[in-house]
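**Q** Any chance you could fold what I've pasted below:
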Amino acid sequence: MISRNAIRLSLALAAAFAAACPVWAQGDMPLNDELNQAFAAGELAGLHAVYVKHRGETLAEAYFEGSDERWGQPLGDRQLGPEDLHDLRSVTKSIVGLLYGIALAEGKVPPVDAPLIEQFPEYPDLAVDPERAKITVGDALSMTMGTAWNEDVPYTSPENSEVAMEMAADRYRFVLDRPMVAAPGETWTYNGGATALIGKLIADGVREPIDTYAESHLFRPLGITEFEWIAGADGVPSAASGLRLKLRDLVKIGELVLAGGQVDGKQVVPKAWLEASFAPRATTSEGPRYGYFWWLAPWGDPPAWAAGFG
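**A** Take a look at the predicted model:
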């Protein structure tokens, strides 16, 4: 079986994939060969790349051919390689969570127990709702806002709440104005709008867009020099799903988190924030637990974690 530490070393789909295929860790053939054979046999349809690193040793790095896209825009069939940027989709949420922790340590964003609606004084009509007024910043980080939200339908449908948010004239009012369907902090609902709100708090607090803040405060210390953060029609980088990175650079994010937020002796992400992020805040409808924009295993203390793969 692949160890819990090995799962910790993987992010997003790579983590889920390795956990689902423990035979890889037991075979006599190198992992790359097994991956390539499985892909050739049609067992890994849709997979672009896999990178597995354990205690500094690269166990696998494989890239495949297939249909690609850039935030929903088709790029056609292509052979992927180490220099290609990949849509991170919901892994973006977990990286936004890291940025919030960095900004929090700088005193530039509100604490997690602050009332969320008070951070948006431009919507005074929403603040008069006593139940909505109970939502905290932490409820947004843990996706337990208690508001209606539906991402269970295809992302090609306007009935999908994230798509509807992107189509709205004001994305933040759209997210905050959803009907209350549960008490804040009690029920988990997968909600890209919650990440949009946190992205707004970061951008307002640091007085720059989240992509430029990420470049200077997270990517540059890790040696990440090439990335893309897709913006919506309003010009705002999508905090829910817009980040694109090379796979090797995504692994740097995982290594940073494993190192307690340090790189080359420098504390990039506060260790206390990582501990807060990996503390279970809710049980999801999919089975795993959820922290602050990170998925957590249903077992373990501390639990194994993975970036957003939903």
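**Q** what is Gln79 paired to in the beta sheet?
**A** Following DSSP bridges, Gln79 is listed with bridge partners Glu65.
**Q** doesn't Tyr63 make contact with it?
**A** Yes. Here Gln79 reaches Tyr63: they are 7.3 Å apart, a contact under Cβ atoms under 8 Å. For the C-beta atoms, the positions are set from N, CA and C on the backbone; glycine is no exception.
**Q** So for these two, which sits in the more crowded spot?
**A** Tyr63 (21 against 10; other Cβ atoms under 10 Å).
**Q** can you map out the strands along the stretch 101-250 of the chain?
**A** 228-229, 243-246 (DSSP state E, counting those that start in this stretch).
**Q** Could you name the helices and strands sitting against the longest one?
**A** So that's strand 243-246. The contact analysis (3 or more Cβ pairs under 8 Å, 6 or more residues apart in numbering; DSSP states H and E) places strand 243-246 against strand 85-87, helix 91-105, strand 228-229.
**Q** okay, these, which one's buried deepest?
**A** helix 91-105 (a mean of 24; mean count of other Cβ atoms under 10 Å).
**Q** buried residues in stretch 139-149?
**A** Using 16 or more other Cβ atoms under 10 Å as the test for burial, stretch 139-149 gives Asp139, Ala140, Leu141, Ser142, Met143, Thr144, Met145, Gly146, Thr147, Trp149.
**Q** Could you tell me which of those belong to helices?
**A** Asp139, Ala140, Leu141 (DSSP state H).
**Q** ok, so of the residues you listed, who is nearest Gln37?
**A** Lowest distance from Gln37 to these (Cβ to Cβ) belongs to Leu141, with 41.2 Å.
**Q** Can you tell me the SS state at the residue nearest to that closest one when sequence neighbours are not counted?
**A** Distance criterion Cβ to Cβ, 6 or more residues apart in numbering; nearest residue to Leu141, sequence neighbours excluded, is Tyr292 at 4.1 Å. Following DSSP: H, G, I helix; E, B strand; the rest coil, the label given to Tyr292 is coil.
**Q** For burial, what's the neighbour tally of Tyr292?
**A** Neighbour tally, Tyr292, other Cβ under 10 Å: 26.
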